[in-house]
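> 3D model of this:
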Amino acid sequence: MSLWIDKYRPTTLETLAFNKELSRKLKNLTDSDFPHLLIYGPSGAGKKTRVLCILKELFGDGAEKIKIDQRSVETPRKKIEINIISSKYHIELTPSDVGIYDKIVFQELLTEIAQTQQIDAGAKQRFKVVVINEADEITRDAQAALRRTMEKYMSNLRIILCCNSTSRIIEPIRSRCMLLRVPLPSIDEISKALQHIASSENIRLSKVLTDKIIKQTQRNPRKAILTFEVMASQNKNLNDNVLIPKVDWEQVIDDIVEKIVKTQAVET
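Residues are numbered from 1 along each chain as shown. Below you'll find the model as predicted:
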């Protein structure tokens with residue numbers, strides 16, 4: 001049993017329901033000389049989903065076959081243990097995992113992957129991709145080192161930076177990336193997504209309640225879907241007057257995970 005946010009997550013650029021014009025632009029980029037990307041926009045707008053779709057478009061189904069490895073990186077003061085999500089074609093890094101040592105960690109890992117040739121002879125692309133989440137949290141020293149890496153290893157490496165705002169990204173990095181803003185989807189787009197899920201789950205969801213959920217979650221599709229799932233799990237009949245929980249998405253996940261654990265306990 002998986003969360004609806006994962007169960008109904010699009011896996012290709014063609015199936016992305018929000019911001020269709022941006023999806024077409026990304027498709028054109030994957031078919032040409034793919035650049036470094038700086039993808040930014042509000043939380044919950046779908047930045048990470050688009051990145052996953054880009055990777056699949058670039059490398060095929062192999063990009064979805066990910067693993068989690070633990071790596072050790074020596075710093076002047078201590079050894080840093082970090083978890084890295086990767087496939088044969090890409091790795092994902094998050095600055096908050098390494099704190100003030102991001103410059104050392106990023107330099108070592110990025111140089112390593114950039115100097116490693118693509119081992120899949122049948123790969124659609126000859127380069128590898130490094131996805132950096134929360135890029136606006138990277139220290140300025142680490143950003144300066146990243147800029148040099150982007151210049152030196154352009155033939156073997158592409159960087160995809162994801163962040164909420166570009167204001168803390170240094171200009172030399174911004175100028176070396178194609179900037180793509182992912183806005184929050186329209187009310188109509190979120191409404192259609194919720195109705196699609198409701199239909200797939202055999203749940204009646206009125207337009208009145210749909211609009212209330214969207215308003216309560218401030219047009220954040222991730223929060224809207226998670227909130228809808230919690231409501232469906234707590235109420236057999238979703239009438240227009242049902243209470244919409246005023247909780248953040250972390251609490252929503254906790255509630256659903258508890259339900260999943262109970263379901264698994266019954267099944268076993």
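> where exactly do the strands run in the stretch 1-150 of the chain?
Along the stretch 1-150 of the chain, counting by DSSP state E, counting those that start in this stretch, strands occupy 37-40, 67-74, 79-86, 90-93, 128-132.
> who touches residue 85 in this structure?
By CB atoms under 8 Å, 6 or more residues apart in numbering, the contact list for residue 85 reads 66, 67, 68, 91, 92. For the C-beta atoms, the positions are set from N, CA and C on the backbone; glycine is no exception.
> Write down the beta-bridge partners of it, one by one.
In this entry, residue 85 is beta-bridged to residue 68, residue 92, by DSSP bridges.
> if I look at it, how far off is residue 135?
Between residue 85 and residue 135 the computed distance is 16 Å (CB to CB, to the nearest Å).
> related to what we said a few turns ago, rebuild the contacts of residue 85 as CSV, extending it with pLDDT, distance to residue 162 and neighbour count.
Shown next, in CSV, are the contacts of residue 85 (pLDDT from 0 to 100; distance: CB to CB, whole Å; neighbours: other CB atoms under 10 Å):
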residue, pLDDT, distance to residue 162, neighbour count
66, 91, 16, 16
67, 92, 20, 9
68, 90, 19, 9
91, 92, 14, 20
92, 93, 10, 22
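> Which of these sits closest to residue 127?
Comparing the contacts of residue 85 against residue 127 with CB to CB places residue 91 closest, at 12.7 Å.
> Quick check: residue 71 touching residue 79?
No: Residue 71 is beyond contact range of residue 79, at 10.4 Å (criterion: CB atoms under 8 Å).
> Of those two, which one has the most company?
The neighbour comparison of residue 71 against residue 79 (other CB atoms under 10 Å) goes to residue 71, with 15 against 8.
> what does the model give that one for pLDDT?
Reading off the confidence values, residue 71 has pLDDT 84.
> now the one 10 residues further on
At residue 81, the predicted lDDT confidence score is 84.
> and it, how many neighbours?
Residue 81 has 11 nearby residues by other CB under 10 Å.
> tell me the contacts of it?
Taking CB under 8 Å, 6+ apart as the test, what residue 81 contacts is 70, 71, 72.
> at 6 Å instead, please
Residue 81 makes contact with residue 72, according to CB atoms under 6 Å, 6 or more residues apart in numbering.
> what's the burial count for the closest residue to residue 111 other than its chain neighbours?
Nearest residue to residue 111, sequence neighbours excluded (CB to CB, 6 or more residues apart in numbering): residue 149, at 6.7 Å. Look at residue 149: counted by other CB under 10 Å, it has 18 neighbours.
> Any figure for the gap between residue 149 and residue 21?
Counting by CB to CB, the gap from residue 149 to residue 21 is 31 Å.
> Can you verify my assumption that the residue nearest to residue 111 contacts residue 110?
Yes: at 4.9 Å, residue 149 and residue 110 qualify as touching, with contact defined as CB atoms under 6 Å.
> Can you classify the residue located most distally from the centre of the chain as helix, strand or coil?
Within the chain, the residue lying farthest from the chain centre (CA atoms, centre = their mean) is residue 241, at 33.5 Å. The three-state assignment at residue 241 reads coil, by DSSP: H, G, I helix; E, B strand; the rest coil.
> Kindly report the same for residue 238.
Counting by three-state DSSP, the backbone at residue 238 sits in coil.
> ok, back up a step: now, which of the contacts of residue 85 sits nearest residue 204?
Residue 204 has its nearest neighbour among the contacts of residue 85 in residue 66, at 36.5 Å by CB to CB.
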